[in-house]
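Engineer: sequence? don't have it. structure:
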């Protein structure tokens, strides 16, 4: 459903270990995004907790010239959406 939105390039669902379990992208792209964004979201979550132990990371958005990457972490999964920011 998300994939049909304008500008969406791909979606990836990653488990708690950082292993992709669903994707709309090719294998090498999926593995690269999944590994790096899993690490980044774990670091971001840890940083949020360091600042305020009562708080938690609920959403992570990264925008570059080429892509906008949105990460929605949950207890057991990460939802990653990559889109073209100009569309």
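Structural biologist: Cool, got the structure. Not measured: the values here are computed from a predicted model. Numbering: from 1, shown residues only.
Engineer: ok, residue 25 to residue 61 distance?
Structural biologist: 19 Å (Cβ to Cβ, to the nearest Å). For the C-beta atoms, the positions are set from N, CA and C on the backbone; glycine is no exception.
Engineer: Among these two, which residue is more densely surrounded?
Structural biologist: residue 25 (18 against 10; other Cβ atoms under 10 Å).
Engineer: That one touches residue 33, doesn't it?
Structural biologist: Yes: Residue 25 is in contact with residue 33 according to Cβ atoms under 8 Å; the separation is 7.2 Å.
Engineer: show me what contacts residue 86?
Structural biologist: residue 7 (Cβ atoms under 8 Å, 6 or more residues apart in numbering).
Engineer: again with residue 14
Structural biologist: With Cβ under 8 Å, 6+ apart, residue 14 has these contacts: 20, 21, 34, 37, 38, 77, 78, 80.
Engineer: now do 10 Å
Structural biologist: Contacts of residue 14 were listed using Cβ atoms under 10 Å, 6 or more residues apart in numbering, and they are 20-23, 30, 33-35, 37-38, 41, 71, 73, 76-80.
Engineer: If any of those are buried, give me the PyMOL selection for them.
Structural biologist: Listed next is the PyMOL selection for buried residues among the contacts of residue 14, using 16 or more other Cβ atoms under 10 Å:
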select buried, resi 20+23+30+33+34+37+38+41+71+73+78+79+80
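Engineer: Name the secondary structure element that contains residue 10.
Structural biologist: Assigned by DSSP states H and E, residue 10 falls within strand 8-15.
Engineer: Residue 71 now?
Structural biologist: Here residue 71 is assigned to strand 68-73, by DSSP H and E.
Engineer: Return the list of strands paired to the helix or strand following that strand, each annotated with direction.
Structural biologist: Next helix or strand after strand 68-73 toward the C-terminus (DSSP H and E): strand 77-83. Sheet partners assigned to strand 77-83 using DSSP bridges are listed as strand 8-15 (antiparallel), strand 68-73 (antiparallel).
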